[in-house]
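>>> heads up, no residue letters with this:
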């Protein structure tokens with residue numbers, strides 16, 4: 001059985017409604033609420049969100065879309081598909097779509113395995129290559145985003161999205177498509193402060209630094225998603241939005257993941273970029289993974305439109321705690337009272353992904369630029385026996401059960417194509433990245449005419465393999481691959497850009513040549529603006545860019561003890577080089593919650609030493625310079641004493657030795 005709980009706030013009142021739903025053999029009907037109570041101080045009756053028989057009869061006449069949401073895949077496609085097939089037999093209902101929230105590991109061969117950021121002992125081919133080669137076909141349409149353990153060279157081929165294998169589609173670094181008429185958007189990767197304002201400079205072959213920075217989210221990708229105006233039904237990310245833990249059962253989360261306590265208290269747990277998208281786009285549902293635990297939350301957006309909220313949060317919290325203040329302003333007055341449980345079943349909560357959610361605690365309706373008044377958030381675990389890695393939701397289908405282009409996103413791709421940056425330096429964005437003007441009218445008209453000429457919005461099944469698939473018979477268990485040295489132009493990406501009449505702008509060598517030509521003609525180097533910033537500088541409004549800095553970003557705080565394998569930010573190479581970590585009882589999985597992973601690699605080189613912006617320091621010259629200053633100070637002191645103009649005691653305060 002599932003136990004579900006939503007916490008909502010009508011005005012200043014907080015109510016909790018608990019549900020139970022039978023899940024077992026086919027034919028079992030959902031039970032009525034086992035408990036409904038009103039908290040002290042509330043003068044309103046609790047809302048019964050379980051649908052009546054009349055509502056259920058109306059749903060029977062509508063087409064239902066059954067979606068399976070999965071957390072971290074880690075290449076276990078056979079097990080995930082097998083679980084869904086078993087569920088279909090037990091429940092007697094068909095799964096229409098599978099959504100995976102990152103760490104998909106679309107590894108085609110041993111060479112791809114070399115581009116995945118994780119210790120070599122954890123690298124395994126798993127089962128994706130079978131679906132890539134055609135040995136097997138995915139039994140369900142599958143949509144996934146990237147996480148922090150991916151075959152990054154393949155993800156770069158499909159930067160704008162595409163078929164990773166027949167019936168398995170990658171949403172892209174940032175993207176939006178439709179399935180069953182529902183709009184599904186997503187952002188791949190995880191947030192890292194030091195790389196957020198850099199360009200996509202990583203190119204093959206990756207080194208110990210770029211193999212990790214390549215999966216870090218960039219500001220121009222978030223900026224492109226910020227241009228979405230029409231309401232979204234589902235948003236997918238790998239890491240969580242900042243402060244999302246405060247909208248759910250935080251004590252229960254800390255009981256399972258006690259090592260997250262400091263990050264939750266400081267507001268640093270999660271991605272500030274995702275927090276910005278959450279409160280700007282306001283999707284009906286938000287699904288995530290990354291922390292290897294199941295966690296539901298309900299986020300009201302009733303105050304997101306007020307500028308006073310952001311101004312008040314900035315004034316009270318100061319520049320260092322703006323995100324925490326913004327989250328506290330919208331934080332419910334109570335916490336979730338249910339243990340575990342998913343918070344996203346469409347039959348019990350909403351029959352339509354775009355329906356008005358006033359019954360669930362939000363004000364206002366759904367419209368362009370506004371989104372939904374309430375977002376249901378759910379994070380899931382990784383695919384392991386006995387873990388909560390799967391959740392099935394039912395929504396109302398409003399279109400054909402196939403992947404379709406989203407017209408607004410195609411227009412956004414045209415309007416923001418020049419914001420894609422392949423240089424290391426930051427490139428300034430329109431409105432400093434906070435502008436939300438949507439696609440240009442001319443681009444919207446172009447897309448309308450394009451889709452009208454095509455006669456359909458359906459995405460063509462134009463998958464083409466670009467490298468040989470892994471052959472376990474020819475390649476023994478001890479075989480190793482080689483890091484690829486050059487990126488491949490995937491025919492799907494070329495076809496998509498040609499359809500939109502856009503140039504191919506994912507080639508680093510061409511970008512470097514174009515930049516060199518521009519510099520020689522007087523364009524200048526130019527570092528741009530907005531390189532600095534940090535987690536706490538984001539605000540939960542429309543524009544949450546941090547203050548600009550002229551110099552390099554400040555060093556991040558040291559990573560906390562974390563024995564889990566979820567990439568909390570410490571480099572996997574460092575973990576291996578430093579030997580096994582000391583036993584920590586509170587965290588068995590090594591989760592990445594965003595602390596710095598750019599410390600020195602096994603060769604002792606830091607990110608700053610490889611960064612062309614940070615010029616290496618000549619320490620011999622620095623020591624000589626400091627010695628010259630010391631000698632000058634001593635000479636001036638004794639000269640002053642000899643001249644008899646001052647007393648030696650006047651220098652005591654500053655004379656602390658060389």
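Perfect, thanks for sending it. Quick caveat: nothing in here was measured; it's all calculated off a predicted structure.

>>> which ones are touching residue 382?
Contacts for residue 382 (CB atoms under 8 Å, 6 or more residues apart in numbering) come out as 71-74, 103, 289, 292, 389. (C-beta placed from N, C-alpha, C; glycine too.)

>>> and with 10 Å instead?
Residues counted as contacts of residue 382 (CB atoms under 10 Å, 6 or more residues apart in numbering) are 70-74, 76, 103, 289-293, 388-389, 565-566, 589.

>>> distance of it from residue 138?
As judged by CB to CB, to the nearest Å, residue 382 and residue 138 stand 19 Å apart.

>>> next: residue 396.
Residue 396 is 24 Å from residue 138, where distance means CB to CB.

>>> do the same with residue 478
29 Å.

>>> so the two - more neighbours on which side?
residue 138 (18 against 5; other CB atoms under 10 Å).

>>> where's residue 236, which helix or strand?
strand 234-237 (DSSP states H and E).

>>> ramachandran coordinates for residue 245?
Main-chain dihedrals, residue 245, degrees, to the nearest 10: phi -60, psi -20.

>>> got it, and the one 10 residues further on?
Residue 255 adopts backbone torsions of phi -70, psi -40, taken as degrees, to the nearest 10.

>>> go ahead and confirm it touches residue 295.
No. At 11.5 Å, residue 255 and residue 295 do not qualify as touching, with contact defined as CB atoms under 10 Å.

>>> so what sits against both of the two?
residue 249.

>>> so which elements touch the one helix or strand residue 69 maps to?
Per DSSP H and E: residue 69 is located in strand 64-70. Judged by 3 or more CB pairs under 10 Å, 6 or more residues apart in numbering; DSSP states H and E, strand 64-70 is in contact with helix 77-91, strand 97-100, strand 142-144, strand 182-187, strand 234-237, strand 285-288, helix 346-349, strand 390-396.

>>> what count of nearby residues applies to residue 288?
Counted with other CB under 10 Å, residue 288 comes out at 28.

>>> ignore the last one, residue 113
21.

>>> try residue 270
30.

>>> wait, it touches residue 277, no?
No. The pair residue 270 and residue 277 does not pass the contact test of CB under 10 Å, sitting 11.7 Å apart.

>>> mutual contacts of the two, please.
With CB under 10 Å, 6+ apart, residue 270 and residue 277 have common neighbours 237, 241.

>>> for the strand holding residue 69, the averaged confidence score.
Computed over strand 64-70, the mean pLDDT rounds to 96.

>>> swap in stretch 143-162?
Stretch 143-162 carries an average pLDDT of 98.

>>> then stretch 266-281?
96.

>>> just the helices from the stretch 301-450 of the chain, written as ranges.
307-317, 322-329, 346-349, 407-415, 441-454 (DSSP state H, counting those that start in this stretch).

>>> flag whichever of those has the least confidence on average.
Averaging pLDDT over each of the helices of the stretch 301-450 of the chain puts helix 346-349 lowest, since it has a mean of 32.

>>> check which helix or strand residue 195 maps to.
Assigned by DSSP H and E, residue 195 falls in helix 193-196.

>>> show me what the next helix or strand after that helix is packed against.
Going down the chain from helix 193-196, the next helix or strand is helix 210-213, by DSSP H and E. Secondary-structure packing of helix 210-213 (3+ CB pairs under 10 Å, 6+ apart): helix 152-157, helix 193-196, helix 572-577, helix 607-610.
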